[in-house]
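1. One predicted model, sequence on top.
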Amino acid sequence: MELMAYRPWDGRLAQDPWGSVLEWPIRALSQIVDRPSVEVTEKDHFVIVRAEVPGVEPEDLEVRVGRDAITLRGEVRSREEGGERERGFYHSERRYGSFARSIALPTTVRPDAAKAVLRHGVLEIQVATDREEDRETRRIEVETAH
């Protein structure tokens, strides 16, 4: 079998000129700026942040909660599975490496009342809202939920 270069615009440019032209810069940028997608909500005096971190183990996550922001750091490690190295790869889109992201919160929160749970590749952080002006940050442990 002969290896061929991957060219996302080949064969599709005539059928969908705008989709093909716009797709490759967006795909390239998403690989350069590799950070988890998040959603931030507020409910019942809690701010809830959910971040997609598939493939990240709890011990490879660091969550820091401040009064007005949450910082996530993590790493997806390459895990060799039996026999894959001998087979060789023709194409792989799996990502490995580290990431960091700070998320501004819509209101001040109490860092001492924070909890983080990792479930099915989604990290959920809940922290109670507060109006005091203490700028302290602290690291919280990430639990595993099954």
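-> Yes, it's here.

2. Give me the phi and psi for E59.
-> Note on E59: backbone dihedrals following degrees, to the nearest 10 are phi -70, psi -10.

3. For it, which residues are in contact?
-> Applying CB atoms under 8 Å, 6 or more residues apart in numbering, we find E59 in contact with no residue. Every C-beta, even on glycine, is put in place using the N, C-alpha and C of the backbone.

4. okay, the nearest residue to F99 once chain neighbours are set aside: pLDDT?
-> Take F99 and drop its neighbours on the chain: the residue closest to it by CB to CB, 6 or more residues apart in numbering is R35, 5.1 Å away. With respect to pLDDT, R35 scores 80.

5. Helix, strand or coil: sort out R35 for me.
-> Classification of R35 using DSSP: H, G, I helix; E, B strand; the rest coil returns coil.

6. Quick one: residues contacting it.
-> By CB under 8 Å, 6+ apart, the contact list for R35 reads F99, A100, R101.

7. Now for the first one, how many residues are close by?
-> So the one you mean is F99. By the measure other CB atoms under 10 Å, the count of residues near F99 is 17.

8. Isn't it up against E62?
-> No - between F99 and E62 there is no contact, the gap being 10.8 Å when judged by CB atoms under 8 Å.

9. what do these two both touch?
-> By CB under 8 Å, 6+ apart, the residues touching both F99 and E62 are L72, R73, G74.

10. Quick check: buried residues in the helix or strand hosting the second one?
-> What that stands for is R73. R73 is part of strand 69-76, with elements assigned from DSSP states H and E. For strand 69-76, the neighbour count (16 or more other CB atoms under 10 Å) marks I70, L72, G74, E75, V76 as buried.

11. Determine the set of other helices and strands touching it.
-> strand 61-65, strand 97-104, strand 122-129 (3 or more CB pairs under 8 Å, 6 or more residues apart in numbering; DSSP states H and E).

12. try it again with 6 Å
-> Judged by 3 or more CB pairs under 6 Å, 6 or more residues apart in numbering; DSSP states H and E, the packing partners of strand 69-76 are strand 61-65, strand 97-104.

13. Same list (those strands) but as CSV, adding distance to I48 and mean pLDDT.
-> Putting the helices and strands packed on strand 69-76 into CSV (distance: least, CB to CB, whole Å; pLDDT from 0 to 100) gives the following:
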stretch, distance to I48, mean pLDDT
strand 61-65, 12, 95
strand 97-104, 11, 92
